[in-house]
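Enquirer: Sequence plus the predicted model coming up.
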Amino acid sequence: MGLEVDLIFNLLVKKYLNPIVRIAFISTFLVLIASAILIAQQKIVGKVISIADGDTFTMLVEGNKQVKIRLHGIDCPEKGQDYGDVAKKHLSSLLSLHDSVKVIWKSKDRYRRTIGIAYSGQININEALLQKGLAWHYIKYDKNSEWSQMEAAARNAKLNLWSKPNPVAPWKWREKRD
């Protein structure tokens, strides 16, 4: 794909466009790239007002707007599942460490929740849950090899949900329940 972009760029910018149009084209292109980067790194800052489960909470942001957050790349045990309550309580304790929580926006899901990576101070909440053995790395939605290693380390140490002989992944548990 990089070769295709180079070819198009060379044809359009170097060969066919006069210098003024070339500058306008390059400027527009750079603005579009910068905008895409800013959108990809959009931050949401607010106060946590409720916790639904181990990987979902609601924030109150500027303008008294409520935003439901689903943690990106992890899946915690559900209510009624082993360690579901433990994951929820641990999330609550992590989020209550600071007055405000920052979420790096990744996307929206089909339930219109904001999917993101949450920080309480310098603590990456998604990673903290993996490291504590209270979440699966949801590789269907995230390919971060460091997060897979965090899950593996918690498994090897038999932390929390990994202390059970055959823990059931939340997505499989939801399939059986529905």
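Expert: That came through, no problem.

Enquirer: Can you tell me how far the residue positioned nearest the centre of the chain is from Asp82?
Expert: Most central in the chain under Cα atoms, centre = their mean is His72, positioned 2.7 Å from the mean C-alpha point. Distance from His72 to Asp82, counting by Cβ to Cβ, to the nearest Å: 23 Å. Heads up, the C-betas are built off the backbone N, CA and C, glycines and all.

Enquirer: How about Lys106?
Expert: Applying Cβ to Cβ, the value for Lys106 to Asp82 is 28 Å.

Enquirer: Looking at the two, which one has more neighbours?
Expert: Neighbour totals were compared for Lys106 and Asp82, and Lys106 leads with 19 against 16 (other Cβ atoms under 10 Å).

Enquirer: ok now do the more buried one, which residues does it touch?
Expert: Taking Cβ atoms under 8 Å, 6 or more residues apart in numbering, we find Lys106 in contact with His72, Ile115, Gly116, Ile117.

Enquirer: Please verify my assumption that the first one contacts Thr114.
Expert: No: shown here, His72 and Thr114 do not form a contact pair, counting by Cβ atoms under 8 Å, at 9.4 Å.

Enquirer: quick one, helices of this protein?
Expert: All helices of the chain, identified by DSSP state H, fall at 2-9, 19-40, 84-95, 125-131, 145-156, 170-177.

Enquirer: what sits up against the fifth one?
Expert: So the one you mean is helix 145-156. The contact list for helix 145-156, computed with Cβ under 8 Å, 6+ apart, reads 73-74, 126-127, 130-133, 135-137, 139, 160, 162.

Enquirer: tell me the average confidence for that helix?
Expert: Helix 145-156 shows a mean pLDDT of 98.

Enquirer: ok, back up a step: and the contacts of helix 145-156, which are buried?
Expert: Neighbour-count burial within the contacts of helix 145-156 applies to 73-74, 126-127, 130-133, 135-137, 160, 162; the criterion is 16 or more other Cβ atoms under 10 Å.

Enquirer: Export those as JSON lines, with columns for pLDDT and distance to Lys102.
Expert: Formatted as JSON lines, the buried ones among the contacts of helix 145-156 follow (pLDDT from 0 to 100; distance: Cβ to Cβ, whole Å):
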{"residue": "Gly73", "pLDDT": "98", "distance to Lys102": "16"}
{"residue": "Ile74", "pLDDT": "98", "distance to Lys102": "17"}
{"residue": "Asn126", "pLDDT": "98", "distance to Lys102": "12"}
{"residue": "Glu127", "pLDDT": "98", "distance to Lys102": "14"}
{"residue": "Leu130", "pLDDT": "98", "distance to Lys102": "19"}
{"residue": "Gln131", "pLDDT": "98", "distance to Lys102": "19"}
{"residue": "Lys132", "pLDDT": "98", "distance to Lys102": "20"}
{"residue": "Gly133", "pLDDT": "98", "distance to Lys102": "24"}
{"residue": "Ala135", "pLDDT": "98", "distance to Lys102": "19"}
{"residue": "Trp136", "pLDDT": "98", "distance to Lys102": "24"}
{"residue": "His137", "pLDDT": "98", "distance to Lys102": "22"}
{"residue": "Asn160", "pLDDT": "98", "distance to Lys102": "26"}
{"residue": "Trp162", "pLDDT": "98", "distance to Lys102": "29"}
